[in-house]
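**Student:** what's the 3D shape of this:
(chains A and B)
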Amino acid sequence: GNSVTQMEGPVTLSEEAFLTINCTYTATGYPSLFWYVQYPGEGLQLLLKATKADDKGSNKGFEATYRKETTSFHLEKGSVQVSDSAVYFCALSDQGGSEKLVFGKGTKLTVNP
Amino acid sequence: EAQVTQNPRYLITVTGKKLTVTCSQNMNHEYMSWYRQDPGLGLRQIYYSMNVEVTDKGDVPEGYKVSRKEKRNFPLILESPSPNQTSLYFCASSTLTGGDYGYTFGSGTRLTVV
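**Tutor:** This is a model prediction of the structure:
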């Protein structure tokens, strides 16, 4: 079945550091890919998405490019802030008719001042 | 404001005592789903609904029931809760093409079964 593998955390960075969180997927067909963010005590929020190969999703300084050849969707940000501390989830849409999102296990990011 | 509302936010209950977690959305979304989040396991789908009176099992449906009598509501029912159902639960909704438009999530319900 479809699956998502993302780098294990936790990840700890200093403010203004460069962030990469790796995400690779296994899927049949052509899924849409997502990054969700979960701030402490809150639900998940959609951060960005890409619906086809070579699409780049971007939001709030975060970017991710849909790479079909490497089945990857790595999340990057050039300069993180303390307010970016959260858990980040990579996900793909399961296009088998159930509209289900399949999630990775999440990566906790802590940014120190 | 477009949102998914879950209640309660926190719940402690005893083994075997039936409970219901409510979920309501105000976006006229056809698709609704329940997930549980556990450390090291990420989010796993419990049940989903494509529209009123249409529900189906997700990956971990054992011990749960759902109903979809109205488009806006999708309650999660635990008929006889057990300690292994202690978890953080999320309700989500989307348009029927949810795979492309993403989900809107509720704030979560932290359930403890003792």
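**Student:** remind me which residues of chain B are low pLDDT?
**Tutor:** B:96-101 (pLDDT under 70).
**Student:** Helices of that one, residue ranges please.
**Tutor:** In chain B, the helices defined using DSSP state H lie at B:98-101.
**Student:** Going by length in residues, pull out the top strand of chain B.
**Tutor:** strand B:42-51 (DSSP state E).
**Student:** Show me what A:Ala86 is bridged to.
**Tutor:** Beta-bridge partners recorded for A:Ala86 (DSSP bridges): A:Leu109.
**Student:** tally of neighbours for it?
**Tutor:** In terms of burial, A:Ala86 registers 21 neighbours under the definition other CB atoms under 10 Å in any protein chain shown. For every residue, glycine as well, the C-beta is placed using N, CA and C.
**Student:** mind listing what it touches?
**Tutor:** For A:Ala86, the contact set (CB atoms under 8 Å, 6 or more residues apart in numbering or on different chains) comprises A:Val37, A:Gln38, A:Tyr39, A:Pro40, A:Lys108, A:Leu109.
**Student:** Save those as JSON lines, and put in neighbour count too.
**Tutor:** Listed next are the contacts of A:Ala86 as JSON lines, based on neighbours: other CB atoms under 10 Å in any protein chain shown:
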{"residue": "A:Val37", "neighbour count": "21"}
{"residue": "A:Gln38", "neighbour count": "22"}
{"residue": "A:Tyr39", "neighbour count": "13"}
{"residue": "A:Pro40", "neighbour count": "7"}
{"residue": "A:Lys108", "neighbour count": "14"}
{"residue": "A:Leu109", "neighbour count": "21"}
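**Student:** So which bits of chain A are right by chain B?
**Tutor:** Residues of chain A lying near chain B by CB under 8 Å from any CB of the partner chain: A:31-32, A:34, A:36, A:42-46, A:49, A:51, A:89, A:93-95, A:98-101, A:103-106.
**Student:** What residues are recorded as beta-bridge partners of the closest residue to chain B within chain A?
**Tutor:** Proximity to chain B, evaluated over chain A using CB to the nearest CB, is greatest for A:Ser93 at 2.8 Å. Taking DSSP bridges as the rule, A:Ser93 bridges to A:Leu101.
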